[in-house]
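Asks: Pasted the sequence and its predicted model underneath.
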Amino acid sequence: MTAPSSTSSLAPSHGTGNAPAGGGQWTEPPRWAVIAAKATGLTILPSCIWRLAAAFGIPVGFTGENAMAHVTFGSWFSLYMIALCAFSECLGLLTLGLVRPWGEVFPRWFPLIGGRRVPISFAVTLAGLGASVLVFLTVSGALNWNDADKMGDPEAPKGTAGLIMTICYAPLLLWGPLLLAVTAAYVVRRRRRG
């Protein structure tokens, strides 16, 4: 039995196989980059589950007049939390484009640009900016987690509820660094091929 090839033709594809539409060669990314790209979506999942529980009216530990203490399913605030979960997961899953053929050639169904190569600078600029913003937001959020207007608020979750919330949000600290690492692997792989 022979080992699978690390390259395949970028011949036209109609949604099957790993080869995207366009010309050139597809080079498999390093295994660690594929794992990191998949892990990116998983870093977002715990906080989304926590937010969805709150959005569906499950008490998550907030008390008093805090808006989170009185969430009812169907309210604007609950719909906002559901939309935030969907949006953040979609952003996280876009990281897969850095390790899949569709991250090198725009899918054919994209108007005007379908089938064209994704410029390295376009993908790297978006991913790099996104990763930088994520690192800034998550690190500043972690450093200020216990501030008076956050978990230090008397109406914020305490005890087990506070621990659960913290555990659910902690994986977000990995999102930015994982995206940066996968972006670096994308740049190296694409530049090696020219």
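Replies: Structure received. From a predicted model like this one, the values you see are computed outputs, not experimental measurements. Numbers count the residues shown, from 1 in each chain.

Asks: Cys168: what's it in contact with?
Replies: Taking Cβ atoms under 8 Å, 6 or more residues apart in numbering, we find Cys168 in contact with Pro46, Ser47, Ile49, Trp50. C-beta coordinates here come from the backbone N, C-alpha and C atoms, glycine included.

Asks: which stretches of this protein form helices?
Replies: Here the chain has its helices, by DSSP state H, at 31-55, 76-93, 120-143, 159-169, 172-193.

Asks: Pull the residues that contact the third one.
Replies: The list of residues contacting helix 120-143 from outside it, by Cβ under 8 Å, 6+ apart, reads 91, 95, 97-98, 103, 169-170, 172-173, 175-177, 179-180, 182-183, 186-187, 190-191.

Asks: Now which of those residues would you call buried?
Replies: The neighbour count (16 or more other Cβ atoms under 10 Å) marks 91, 95, 97-98, 103, 169, 172-173, 175-177, 179-180, 182-183, 186-187, 190 as buried among these.

Asks: Name the nearest residue to Met81, ignoring sequence neighbours.
Replies: Nearest residue to Met81, sequence neighbours excluded (Cβ to Cβ, 6 or more residues apart in numbering): Ala55, at 4.1 Å.

Asks: what's the distance between that neighbour and Pro157?
Replies: 16 Å (Cβ to Cβ, to the nearest Å).

Asks: Which one's more surrounded, those two?
Replies: Ala55 (24 against 21; other Cβ atoms under 10 Å).

Asks: now, the most widely separated pair of the contacts of Cys168?
Replies: Ser47 and Ile49 (7.4 Å; Cβ to Cβ).

Asks: Could you check which of those two has the larger neighbour count?
Replies: Between Ser47 and Ile49, Ser47 has the larger neighbour count (other Cβ under 10 Å), namely 20 against 12.

Asks: quick one: contacts for the more buried one?
Replies: Ser88, Cys168, Tyr169, Pro171, Leu172.

Asks: how close does it sit to Gly159?
Replies: Counting by Cβ to Cβ, the gap from Ser47 to Gly159 is 19 Å.

Asks: show me where pLDDT drops low in the protein?
Replies: By pLDDT under 70, the low-scoring segments of the chain are 1-24, 66-67, 69, 149, 194.

Asks: So for it, which residue is the most central one in space?
Replies: Closest to where the C-alpha atoms of the chain average out (Cα atoms, centre = their mean) is Gly92, at 1.3 Å.

Asks: from memory that one sits against Pro46, does it?
Replies: No - contact criterion Cβ atoms under 8 Å: Gly92 and Pro46 do not qualify, at 12.0 Å.

Asks: Pipe the contacts of Ser47 into a markdown table and attach distance to Ser75 per row.
Replies: Output for those, formatted as a markdown table (distance: Cβ to Cβ, whole Å):
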| residue | distance to Ser75 |
| --- | --- |
| Ser88 | 20 |
| Cys168 | 21 |
| Tyr169 | 22 |
| Pro171 | 27 |
| Leu172 | 24 |
